[in-house]
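A.B. asks: next comes the sequence, and after it the predicted model I'd like to discuss.
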Amino acid sequence: MGNRRLLILDDDPMTGKTIQRIAEFAGLEVHFTPDPDRFFALLHNWQPTHIALDLLMPTMDGMQVIAQLAKLSCRAKIIITSGVGSRVLDAAGRSAAEHGLDIAGVLAKPFSPSQLRAMLLGHLPTTPPLTPPTVVIAPAALPEITLSDLHQALDRQEFVVAYQPKVLCTTGELAGVEALVRWAHPSYGLLPPGQFIPLAESCDLIDRLTDQVIDQALDWFGPLCDGAIQLSPAICDRLMLSVNISARTLTNVALFERVQERCQAHRVAPARLIFELTETSAMDDPVASLDLLTRLRMIGFHLSIDDFGTGFSSMLQLVRLPFSEIKVDKSFVMTAMTSSESRTVVKFIVDLGHSLGLRCTAEGVEDAETLKYLTNIGCDLAQGYYIARPMTGDDFWLYGNEYAA
Ligand code: C2E
Ligand code: CA
Ligand code: CA
């Protein structure tokens, strides 16, 4: 077992000491402090691999500490503890995960030593779990991106596509792949989409970007469909390609006509393509969306509602728009094993999807237990770091081959 160091912040000495004893017994080095300033000093100097954090403290509340940890891009595994109700704890855990922190679990006090031990002895991240290894994300080093940078990047075709597999829950068979854009920035390396998609969306460059992404993805995917790339026939016949579409693009009929032409040129059947729309984006202009989306479905393209569970749209929209897939948002999937509330949401969405005749994909599957749980509740497809991280197109074909072997 690697060198595990646990740093405890808790205003209650009894609890702090108890956690310390259990952790030391489990073989960890431990520092306990009730003082937030000392906590941050130790964080910096001692670099703990794990943190146990009390949510309710008199001088600084746990949520502030969480915000501060996020600002510092803390990579330690965090265990949140508190005497507040488990729903509040769950909410805090989700919020921390949304801040980009790595949450090992939430512990409602009183907790059993075995619960704590399980969180402390879980796998240590070999790579930071929130960041694909090739993506630069250190906030301090992040560039200020301007509109003209984006224009230039589009002109120079600096955007590249990474591919992440989707597998059938029941058999683990490869069933699909999602295209995820990255910016191969000449000075900053690979930048994740969160760094530039919002700007591209706000200044009407998103359609050009989407166009380039789809072009690249089809250039890559086409050879599979016309037999130039050989994978096992079962994979060739089944593999679907998902691409992300912004709400704004839903008014651009010409873009979709071009996609249709590109599909014909590559002999990719429209039914091989899934357009993923986020729940909220699809709802921005339901009437216009309905028109275009219905046409796309009639051509044969599939439509997926992405990040389901995070928006506030009415369920009726889901029924009105002709989706064929529902993707359970990763914030619920990633916390399913530690939060009964998340499990309730995941199961609810899977059942809802099935009752509407949709295929359900859970994304953000990071461990075997979650995959097993998803299989048990009848979820169709899984995507996540446990299965594979996003990879280059070439690596994907290697993956597909190894996988078939
Ligand atoms: P998304 O569509 O929800 O894509 C899934 C994101 O989850 C990807 O992040 C993927 O790398 C990440 N992910 C997959 N499995 C796991 C896991 O097990 N754990 C964790 N923590 N994360 C996982 P990525 O590539 O950074 O993309 C972020 C978002 O950027 C995407 O979220 C999508 O909304 C947007 N995006 C990506 N490519 C495009 C694009 O071509 N066009 C548009 N409009 N948006 C895009
Ligand atoms: Ca997506
Ligand atoms: Ca998603």
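C.D. replies: Looks like it came in fine. Ligands and ions are numbered 1, 2, ... in the order given.

A.B. asks: whichever residue of the stretch 1-150 of the chain sits closest to ligand 3 - nearest residue in space that isn't next to it in sequence?
C.D. replies: Here the residue of the stretch 1-150 of the chain nearest ligand 3 is Glu98; by C-beta to the ion that distance is 13.1 Å. The C-beta positions use only the backbone N, C-alpha and C, and glycine is treated the same way. Distance criterion C-beta to C-beta, 6 or more residues apart in numbering; nearest residue to Glu98, sequence neighbours excluded, is Ser331 at 6.3 Å.

A.B. asks: neighbours around that neighbour, how many?
C.D. replies: 19 (other C-beta atoms under 10 Å).

A.B. asks: distance of the residue nearest to Val213 when sequence neighbours are not counted from ligand 1?
C.D. replies: Using C-beta to C-beta, 6+ apart and skipping residues adjacent in sequence, the residue nearest Val213 is Val181, 5.0 Å away. Per C-beta to the nearest ligand atom, to the nearest Å, Val181 is found 4 Å from ligand 1.

A.B. asks: do Phe40 as well
C.D. replies: Phe40 sits 25 Å away from ligand 1 when distances are taken as C-beta to the nearest ligand atom.

A.B. asks: for burial, what's the neighbour tally of that residue?
C.D. replies: Quick note: Phe40 (other C-beta under 10 Å) scores 18 neighbours.

A.B. asks: wait, it sits on Gln68?
C.D. replies: Yes - counting by C-beta atoms under 8 Å, Gln68 is a contact partner of Phe40 at 7.2 Å.

A.B. asks: on that earlier part again, wait, doesn't the residue nearest to Val213 sit right on Leu154?
C.D. replies: No - taking contacts as C-beta under 8 Å, Val181 lies outside contact range of Leu154: 11.5 Å.

A.B. asks: re earlier: what's around the residue nearest to Val213, how many residues?
C.D. replies: 22.

A.B. asks: now Asp204
C.D. replies: 10.

A.B. asks: and it, that's in a helix?
C.D. replies: No - going by DSSP: H, G, I helix; E, B strand; the rest coil, the assignment for Asp204 is coil, not a helix.

A.B. asks: work out for me the element the residue nearest to Glu98 sits within.
C.D. replies: Assigning secondary structure by DSSP states H and E places Ser331 in helix 330-333.

A.B. asks: quick check: mean pLDDT across that helix?
C.D. replies: Per-residue pLDDT over helix 330-333 has a mean of 94.

A.B. asks: right, is the helix or strand following it up against ligand 1?
C.D. replies: Moving toward the C-terminus from helix 330-333, the next helix or strand (DSSP H and E) is helix 340-355. No - Helix 340-355 lies out of reach of ligand 1 by C-beta under 6 Å from any ligand atom, never closer than 13.9 Å.

A.B. asks: is ligand 3 contacted by helix 340-355?
C.D. replies: No - using C-beta under 5 Å from the ion, we find that helix 340-355 stays clear of ligand 3, coming within 12.3 Å at best.

A.B. asks: so which elements touch the next helix or strand after that helix?
C.D. replies: Counting by DSSP H and E, the next helix or strand C-terminal to helix 340-355 is strand 359-363. Judged by 3 or more C-beta pairs under 8 Å, 6 or more residues apart in numbering; DSSP states H and E, the packing partners of strand 359-363 are strand 325-328, helix 330-333, helix 340-355, strand 381-383.

A.B. asks: could you tell me the angle between strand 359-363 and helix 340-355?
C.D. replies: If you take axes from the mean of the first three to the mean of the last three C-alpha atoms, to 10 degrees, strand 359-363 sits at 150 degrees to helix 340-355.

A.B. asks: partner strands of strand 359-363 and their direction?
C.D. replies: strand 325-328 (parallel), strand 381-383 (parallel) (DSSP bridges).

A.B. asks: quick check: next helix or strand after it?
C.D. replies: Heading C-terminal from strand 359-363, the first helix or strand you meet, by DSSP H and E, is helix 368-376.

A.B. asks: what lies in contact with that following helix?
C.D. replies: The contact list for helix 368-376, computed with C-beta atoms under 8 Å, 6 or more residues apart in numbering, reads 169-170, 333-334, 336-337, 343, 346, 350, 362, 365, 382, 384, 386-387.

A.B. asks: if we go to 7 Å?
C.D. replies: Helix 368-376 is contacted from outside by 169-170, 333, 336-337, 362, 365, 382, 386, using C-beta atoms under 7 Å, 6 or more residues apart in numbering.

A.B. asks: Trp46 reaches His31, doesn't it?
C.D. replies: Yes - Trp46 lies in contact with His31 (C-beta atoms under 7 Å); the separation is 6.4 Å.

A.B. asks: so the two - more neighbours on which side?
C.D. replies: His31 (16 against 11).

A.B. asks: helix, strand or coil for that one?
C.D. replies: Look at His31: counting by three-state DSSP, its state is strand.

A.B. asks: shouldn't it be in contact with Leu42?
C.D. replies: Yes - using C-beta under 7 Å, His31 is in contact with Leu42, at 5.4 Å.

A.B. asks: and for those two, which residues touch both?
C.D. replies: Counting by C-beta under 7 Å, 6+ apart, the residues touching both His31 and Leu42 are Leu7.

A.B. asks: burial check on Asp155, number of neighbours?
C.D. replies: Neighbours of Asp155 under the rule other C-beta under 10 Å: 9.
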